[in-house]
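J.: Sequence first, predicted model second:
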Amino acid sequence: MIYTITLNPALDRTLWIEKVRDDVSNRILEEKSFAGGKSVDVSKVLKNLGQESIALGFVGGFAGRELEGRLLNEGIQTDFIHVSGETRTNIIIHERETGKQLAFNARGPEIRPSELMEFVERLERLPCSDLVAIGGSLPIGVSPEIYRKIITLVKRCQSTVVLDVDGEALKKGISARPDVIKPNIHELSELVGRQLQELDDIRAAAREINRQGVRIVLISMGPRGILLVSEGHEYLAVPPKVDVQSTIGAGDSSVAGFITGLVEGKSLKECLAYAAAAGTATTLHQGTALARKEDFLRLVPQVKLTVLSESISTDPNGRKQATCGL
């Protein structure tokens, strides 16, 4: 089983207008709402790619009930803690005339200490899982220390942990040695305390994180692709050029693609190709629509993989292996 943890999920209200104009009424042409938040998105893409998961975190109020209902309709299991505050609603505006998108992300509810402890106790009682994906911002009232606590708890079961957070939360999380992290270049720069631009500098920074006990570092670099750095293995995956409709959820989709490779026991290179294909598949559609399986399968063989460094180990029978599987 896969658990996904989103401590600050959101109801994403997506609006389409012709163009934002000052000092006039802007008519909404179309609007939709979606269950959102980093690891909620991961659960949704995993479902699209044929993998089951259980979404955990905090929800509250009418927006929280709607979020749960939308996930239920999508066939995604949930086990949220219900809190006294209201789940946040984010506003995403798409301009049809320009193709631009504007995102306004709310802060979310304040989580009481008793509600936080209810979540920790729930996590302690859950059956062990094969993999836990953790991602997203922190709600008010929750310290970044929670990520170290969560990782320590789930690793008691020998679960593989994928962490996709930033800033102080990433620093705290790394101290508990997650198996995989997925920063972008800016987040990695902040983590190592220096500006990173050139590929060699990015690779060197990722190796520093490997030495801190993180087995796999995935760095998303926008149109430059995704870099994977693990001990003895460094690969670059560049997806094909596509007509980008929206970038919302692309990073979360990449995480889900990589996880799909993990649970299927694919090689490191295949896992990375899955990540690049899933992220790109999400950009093909407007709004917060996430990677569709047919797009993903079509894009996987089109991903260009470059081996930057490779050290192949062998199993007891002498067969070559370099897998990212569980």
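T.: Looks like it arrived, so ask away.
J.: In what element of secondary structure is Asn90 found?
T.: Using DSSP states H and E, Asn90 maps to strand 88-95.
J.: make that Ala277, sorry
T.: Ala277 belongs to helix 268-282, assigned by DSSP H and E.
J.: average pLDDT for that helix?
T.: Mean pLDDT, computed over helix 268-282, is 96.
J.: Next secondary structure after it?
T.: Following helix 268-282 in sequence, per DSSP H and E, is helix 293-299.
J.: how far is that next one from where the chain is centred?
T.: 19 Å (CA atoms, centre = their mean, to the nearest Å).
J.: just stretch 214-221 next, same as before
T.: 12 Å.
J.: Next: stretch 171-178.
T.: With CA atoms, centre = their mean, you get 16 Å for stretch 171-178.
J.: Walk me through which strands the strand holding Asn90 pairs with, and which way each runs.
T.: strand 10-17 (parallel), strand 101-104 (antiparallel) (DSSP bridges).
J.: where exactly do the strands run in the stretch 1-150 of the chain?
T.: Using DSSP state E, counting those that start in this stretch, the strands of the stretch 1-150 of the chain run over 2-6, 10-17, 30-36, 53-59, 77-78, 81-82, 88-95, 101-104, 131-135.
J.: How many residues are close by the closest residue to Ile28 other than its chain neighbours?
T.: Nearest residue to Ile28, sequence neighbours excluded (CB to CB, 6 or more residues apart in numbering): Leu15, at 5.2 Å. Any C-beta I mention is one placed from the backbone N, CA and C, and that applies to glycine too. Neighbours of Leu15 under the rule other CB atoms under 10 Å: 17.
J.: Equivalent analysis for the one 5 residues further on, please.
T.: Residues within reach of Val20, counting by other CB under 10 Å, total 13.
J.: related to what we said a few turns ago, state the mean pLDDT of the strand holding Asn90.
T.: In this model, strand 88-95 carries a mean pLDDT of 93.
J.: Hey, what's the angle from that strand to strand 30-36? Just curious.
T.: When axes from the mean of the first three to the mean of the last three CA atoms, to 10 degrees is applied, the directions of strand 88-95 and strand 30-36 differ by 140 degrees.
J.: buried sites along strand 88-95?
T.: Neighbour counts using 16 or more other CB atoms under 10 Å place 88-90, 92-95 of strand 88-95 among the buried residues.
J.: Quickly check the residues you listed for the two that are furthest apart.
T.: Spatial extent of the buried residues of strand 88-95 (CB to CB) is set by the pair Arg88 and Glu95 at 23.1 Å.
J.: Now Leu227: which helix or strand?
T.: With DSSP H and E as criterion, Leu227 is part of strand 226-230.
J.: Distance from the chain centre to that strand, please.
T.: The answer for strand 226-230 is 16 Å, by CA atoms, centre = their mean.
J.: Show me what whichever helix or strand comes after it pairs with in its sheet, parallel or antiparallel.
T.: Sequence order places strand 233-238 as the next helix or strand after strand 226-230, per DSSP H and E. Using DSSP bridges, strand 233-238 pairs in its sheet with strand 226-230 (antiparallel), strand 304-310 (antiparallel).
J.: which one of those has the most crowded surroundings?
T.: Counting by mean count of other CB atoms under 10 Å, strand 226-230 has the highest mean neighbour count of those, with a mean of 25.
J.: pull the CA atoms of it into CSV?
T.: Listed next in CSV are the C-alpha coordinates belonging to strand 226-230 (Å, rounded to 0.1, in the frame of the first residue of the first chain):
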residue,chain,number,x,y,z
ILE,A,226,14.9,16.2,-14.5
LEU,A,227,18.3,15.2,-13.0
LEU,A,228,18.7,12.1,-10.9
VAL,A,229,21.7,11.7,-8.6
SER,A,230,22.2,8.6,-6.6
